[in-house]
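[1] Requesting a structural model of the entry that follows:
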Amino acid sequence: MRKLFSVIFFIFLFFNLSSCDQESKSDRFDHLDFRTKIRLRQYLGEGKRLYDLHCANCHQLDGKGLARLYPPLKNSDYLMANRADVICGMRYGQKGEIKVNGVVFNMEMPPIPTLVDLEIAEIATYIYTEFADSVQIVTLHEVGEIMQMCQNDSLINMEIKNP
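    Down below sits the predicted model:
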């Protein structure tokens, strides 16, 4: 009888704890209207798929980076302070030193020129929502504006290097 009681107790405890975890995840999106929640979930689903495909090899699935080689995205001060650079870097890559959470990284991030603006918006929405605890959609319009600035900066830098 004690074994049966113990088993029932642990099953009850397991279901109770697992439902609490699901509740806390859904609470993050409760302030959003229904259409925004659906769009956010679509962006997060596709963003995760694209992140796993293009970014996780270096930044890792959990966003914690790889030692001093590749910077973390999870709880990254750089991610929050350099939104345009992060978004530009997805298509155009990134070179030179950056400081993330007080640690200097100098590994080149390769460009992914085949990413379209929508894919960049989805990846950015995923990384900012999952790794920076910032529940928001990075819009296609925002990415388009940032990409226009990046492209102009890239052209200026190319002209300076190749006069």
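
[2] Run through the strands of this structure in chain order.
    98-100, 103-105 (DSSP state E).

[3] Now do the first one: distance to the chain's middle.
    In this case it means strand 98-100. 17 Å (Cα atoms, centre = their mean, to the nearest Å).

[4] Starting from residue 34, give me the distance back to the spatially most central residue of the chain.
    In the chain, the residue lying closest to the centroid (Cα atoms, centre = their mean) is residue 127, at 0.9 Å. In this view, residue 127 and residue 34 are 24 Å apart by Cβ to Cβ, to the nearest Å. To be clear about C-beta, it is placed using only N, CA and C from the backbone, and glycine gets the same treatment.

[5] Contacts for stretch 86-102 next, please.
    65, 71-72, 75-79, 82, 85, 104-106, 108-113, 115, 120, 123-124, 127, 138, 142-143, 146-147, 149-150, 153-154 (Cβ atoms under 8 Å, 6 or more residues apart in numbering).

[6] Quick check: the closest residue to residue 106 other than its chain neighbours vs residue 142, distance?
    Nearest residue to residue 106, sequence neighbours excluded (Cβ to Cβ, 6 or more residues apart in numbering): residue 97, at 4.7 Å. Residue 97 sits 26 Å away from residue 142, going by Cβ to Cβ.

[7] how many other residues sit next to residue 56?
    The number of residues packed near residue 56 is 15, by other Cβ atoms under 10 Å.

[8] Ok, residue 35 next?
    Considering only other Cβ under 10 Å, residue 35 is surrounded by 8 other residues.

[9] now do residue 106
    There are 10 residues near residue 106, going by other Cβ under 10 Å.

[10] Out of the contacts of stretch 86-102, list just those in helices.
    77-79, 85, 120, 123-124, 127, 142-143, 146-147, 149-150, 153-154 (DSSP state H).

[11] among the residues you listed, which ones are buried?
    78-79, 120, 123-124, 127, 142-143, 146-147, 150 (16 or more other Cβ atoms under 10 Å).

[12] Could you identify the most distant pair in those residues?
    78 and 147 (19.6 Å; Cβ to Cβ).
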